[in-house]
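**Student:** take this sequence and fold it.
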Amino acid sequence: MPAGILNLTGRALRIEQGADYALPLTFTQDGVAYDLTGVTIAAQMRETVESTDAVSFTITAAAPTTGVAIMSLTAATTTAITYTSGVWDMEFTDAGIVTRPLEGITEVKKNVTRP
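**Tutor:** Coordinates of the predicted model:
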């Protein structure tokens, strides 16, 4: 599965600092649901491609046989993000083969309300 660009209405993946984040995704290949059973999925966000610090998304296969997964971050994780823009990608490891189905840029909206 080659890399796709996730472009939400012409904008970056928008993360709101201090809030939980969840993005449901449905993977297909040639119009057919991509079976995620046995697939290891990893996704990270960094300020730049070269940055050593990474934020790892939690990936949950919500309905593996129909290709549905949820990519998420907790409020505690988004609170700790210090930059306002970055890059991200996702990798599948399926039967020892690594592919990158999605990649893109991120926008982190700083929060105003704090405890």
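**Student:** strands of this protein, start to end?
**Tutor:** 4-5, 13-16, 21-26, 28-29, 32-33, 40-46, 55-56, 58-63, 68-73, 85-94, 97-109 (DSSP state E).
**Student:** dump these into TSV; add mean pLDDT as well.
**Tutor:** Formatted as TSV, the strands of the chain follow (pLDDT from 0 to 100):
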stretch	mean pLDDT
strand 4-5	49
strand 13-16	94
strand 21-26	94
strand 28-29	87
strand 32-33	90
strand 40-46	97
strand 55-56	98
strand 58-63	95
strand 68-73	96
strand 85-94	94
strand 97-109	92
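**Student:** reformat those strands as CSV; add distance to residue 79 and mean neighbour count.
**Tutor:** (Each C-beta comes from the backbone N, C-alpha and C, glycine too.) Putting those into CSV (distance: least, CB to CB, whole Å; neighbours: other CB atoms under 10 Å) gives the following:
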stretch, distance to residue 79, mean neighbour count
strand 4-5, 28, 10
strand 13-16, 10, 18
strand 21-26, 11, 14
strand 28-29, 34, 12
strand 32-33, 35, 12
strand 40-46, 14, 18
strand 55-56, 11, 16
strand 58-63, 15, 16
strand 68-73, 10, 19
strand 85-94, 15, 18
strand 97-109, 11, 15
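**Student:** columns distance to residue 115 on top of these, output as a markdown table?
**Tutor:** Output for the strands of the chain, formatted as a markdown table (distance: least, CB to CB, whole Å):
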| stretch | distance to residue 115 |
| --- | --- |
| strand 4-5 | 36 |
| strand 13-16 | 16 |
| strand 21-26 | 19 |
| strand 28-29 | 41 |
| strand 32-33 | 42 |
| strand 40-46 | 24 |
| strand 55-56 | 21 |
| strand 58-63 | 23 |
| strand 68-73 | 18 |
| strand 85-94 | 25 |
| strand 97-109 | 18 |
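**Student:** residue contacts, residue 53?
**Tutor:** 46, 47 (CB atoms under 8 Å, 6 or more residues apart in numbering).
**Student:** pLDDT score assigned to it?
**Tutor:** Model confidence at residue 53, given as pLDDT, is 96.
**Student:** gap between it and residue 47?
**Tutor:** 7 Å (CB to CB, to the nearest Å).
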